[in-house]
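Participant: With the input below, show me the fold.
(one chain, ligands or ions: 1)
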Amino acid sequence: MLEIKFGILGQYFHCPQKGDFEYAAQALVMVDQQGVIAAVLHPQDEQYAYNIESLRASSKLVELTSAQYLMPGMVDLHVHAPQFPQAGKGLDLPLYDWLQDYTFPLEAKFADLDFAKQVYPRLVNSLLANGTTSAVYFATIHAESSLELARECLKQGQRAFVGKVNMDEPTQCPPFYIESSTEQALQQTEQFIQQVIALDGNQQQLVSPVITPRFVPSCTVEMLQGLGQLTQQYQCHVQTHCSESDWARDYSQQHYGKTDVALYHDFGLMTRKTILAHSIFLTPDDCEVIKHTGASIAHCPLSNMYFANAAMQTREILDNDLHCGLGSDIAGAPIPSIFHTCLDAVSHSRVREDGTSTYIAAAERGEAGKRISFIEAYWLATVGGGIAIDAKVGLFQTGYEFDALIIDTDIDDSNIYIVDEMDSAKDKLEKIICLNNRQNIRKVWVKGQQVINK
Ligand SMILES: [Zn+2]
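Facilitator: Numbering: from 1, shown residues only. Okay, the predicted model is just below:
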């Protein structure tokens, strides 16, 4: 028993199969010293009772109540960390104006390291408290404050993927928020990669660097080429925006005669570890490239409703087995909860399926058969996100990292009301997805380390 750090005894939900879920009523999940799941036992297993007694005797057993549920940690594939102070503001503007009027002036403030030190701890704590155990972050163009974000994630124990943003195209970036030169930005990016890998306390690489061209319009060809070379050299994760809106899609077509995916592919930026935020206007060829390279899509449904000008083809992406997870897209959408993003993803697909105009007959109003289910959305948020970040998270299975949370429905300020004699396991899971908030999330672990305890 020495190698076991602790065990958790109680009920859990997870989604080993896309589109389905598994409920275990009284499982014992055992976690080793490295934070990896050593075994998952059920009452019929031979060693079950023995292990419970041993763990209990050595005070290493966490026993859940009948109102508590162990669930995998949530993965947020797209967060703009510096935009947290802007969350909930200016969402009436189209993307271009929103960036110029709100976002770029705010991001420019992160030249001041003290400002970064004010903002980043609050954001990382909010995400962890909402159950986000893994987050993929855009920082800003400033290497020093980007490194501060990486340090903060490490300090609070969040699995994180942090990118120093790159943007050097003078016709698209305001003079107060642009790289001083392409060459210098590439040097800083390379140094940033090395610094994150070598951060004090990052021996297990809980925090990873991400190569981050902001999006096609903000980057010169030299920048995209240089970042592609760094991607190949360091085998890093890559994140960027992809065909997010009519304007962004049209920009690439007008300037290069290509789609974003084709351009990124040309520059060596499409790899198994690439995360493409949004990806609304994908062509069949784009889907082929994404599938072939093993890159992933970060579906950000609420921000799509504000900025995308069209609906995401989530149903087709799931059916086509493209890698896909969910993103909050703070602050293109204001809510720091991937549970909420699940609800948004379902609602987004339902509006797409039904259509909107009351002047059109029901049968022709929407796109039939395009809905996704709550369980599929939850799969995207956990297993799908884990595949996208190329980490073994999102399931309670031997060999998976123990990134998990406990939902407690029996608290005074809970919106979740479960009626045991009326609610099936599926009902309970759907209620939790729809109605939980941060008060219900009592404990959170990342890699076996407890990071939230209420
Ligand atoms: Zn974004």
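
Participant: Next, count neighbours for Val351.
Facilitator: Here the count is done by other CB atoms under 10 Å, and Val351 has 16 residues near it. In this view, the C-beta of every residue, glycine as well, is placed from N, C-alpha and C.

Participant: Chain neighbours aside, what residue packs nearest to it?
Facilitator: Of all residues not flanking Val351 in the chain, Ala311 sits nearest, at 7.1 Å (CB to CB, 6 or more residues apart in numbering).

Participant: same question, Ala24
Facilitator: Looking at Ala24 with CB to CB, 6+ apart, the closest residue is Tyr12, at 5.2 Å.

Participant: Flag the shaky bits of this structure, pLDDT-wise.
Facilitator: In the prediction, the chain carries residues with pLDDT under 70 at positions 1-2.

Participant: per-domain residue ranges of it.
Facilitator: Using automatic domain parsing, the domains assigned to the chain come out as 4-72+394-453, 74-388.

Participant: Packed most tightly, which of these would that be?
Facilitator: With neighbours taken as mean count of other CB atoms under 10 Å, these reach their highest mean count in domain 74-388, at a mean of 21.

Participant: element containing Leu123, please.
Facilitator: With the criterion set as DSSP states H and E, the secondary-structure element containing Leu123 is helix 113-129.

Participant: Leu77 too?
Facilitator: Taking DSSP H and E as the definition, one finds Leu77 inside strand 74-80.

Participant: what's that strand packed up against?
Facilitator: Packing contacts for strand 74-80, counted by 3 or more CB pairs under 8 Å, 6 or more residues apart in numbering; DSSP states H and E, involve helix 113-129, strand 132-138, strand 274-278, strand 296-299, strand 323-326, helix 338-354, helix 385-388.

Participant: mind running it again at 7 Å?
Facilitator: With contacts defined as 3 or more CB pairs under 7 Å, 6 or more residues apart in numbering; DSSP states H and E, strand 74-80 has these neighbours: strand 132-138, strand 323-326, helix 338-354, helix 385-388.

Participant: Render the CA-only coordinates of the next helix or strand along the chain from it in PDB, please.
Facilitator: Tracing the chain past strand 74-80, the next element assigned as helix or strand by DSSP H and E is helix 95-98. Output for helix 95-98, consisting of C-alpha atoms alone and laid out as PDB, is shown next (Å, rounded to 0.1, in the frame of the first residue of the first chain):
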ATOM      1  CA  LEU A  95     -14.900  41.000 -33.700                       C
ATOM      2  CA  TYR A  96     -12.700  43.600 -35.400                       C
ATOM      3  CA  ASP A  97     -14.000  46.500 -33.400                       C
ATOM      4  CA  TRP A  98     -14.000  44.500 -30.200                       C
END
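
Participant: Mind putting the helices and strands packed on strand 74-80 into a markdown table with distance to Val238?
Facilitator: Shown next, in a markdown table, are these (distance: least, CB to CB, whole Å):
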| stretch | distance to Val238 |
| --- | --- |
| strand 132-138 | 10 |
| strand 323-326 | 13 |
| helix 338-354 | 21 |
| helix 385-388 | 12 |
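
Participant: sorry, back to before: would you mind listing the outside residues contacting whichever strand or helix holds the residue nearest to Ala24?
Facilitator: In this structure, Tyr12 is located in strand 4-14 according to DSSP H and E. Strand 4-14 has contacts (CB atoms under 7 Å, 6 or more residues apart in numbering) with 21-33, 38, 51-52, 55, 60-64, 68-72, 382, 395-396, 429, 448.

Participant: Distance from the following helix or strand past it to the middle of the chain?
Facilitator: The helix or strand immediately downstream of strand 4-14 is strand 22-32, counting by DSSP H and E. Centroid displacement of strand 22-32 relative to its chain, using CA atoms, centre = their mean, to the nearest Å, is 24 Å.

Participant: So which elements touch strand 22-32?
Facilitator: Helices and strands in packing contact with strand 22-32 are listed as strand 4-14, strand 37-41, helix 48-57; criterion 3+ CB pairs under 7 Å, 6+ apart.

Participant: picking that back up, surely the residue nearest to Val351 is in a helix?
Facilitator: No: assignment of Ala311 by DSSP: H, G, I helix; E, B strand; the rest coil gives coil, placing it outside any helix.

Participant: ok, it touching Arg350?
Facilitator: No: in this structure, Ala311 is not within contact of Arg350 by CB atoms under 7 Å, at 10.2 Å.

Participant: Run through the residues that contact the residue sitting nearest the centre point of the chain.
Facilitator: Most central in the chain under CA atoms, centre = their mean is Asp76, positioned 1.6 Å from the mean C-alpha point. With contact set as CB under 7 Å, 6+ apart, Asp76 has these partners: Leu127, Thr132, Ala135, Val136, Gly327, Ser328, Ile338.

Participant: Dump those to CSV, plus distance to Gly386.
Facilitator: Formatted as CSV, the entries for these read as follows, by distance: CB to CB, whole Å:
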residue, distance to Gly386
Leu127, 16
Thr132, 13
Ala135, 13
Val136, 12
Gly327, 14
Ser328, 16
Ile338, 12
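
Participant: Now the residue nearest to Ser337 when sequence neighbours are not counted. Its backbone dihedrals?
Facilitator: Of all residues not flanking Ser337 in the chain, Asn130 sits nearest, at 4.2 Å (CB to CB, 6+ apart). Backbone geometry at Asn130, expressed as degrees, to the nearest 10, gives phi -90, psi 10.
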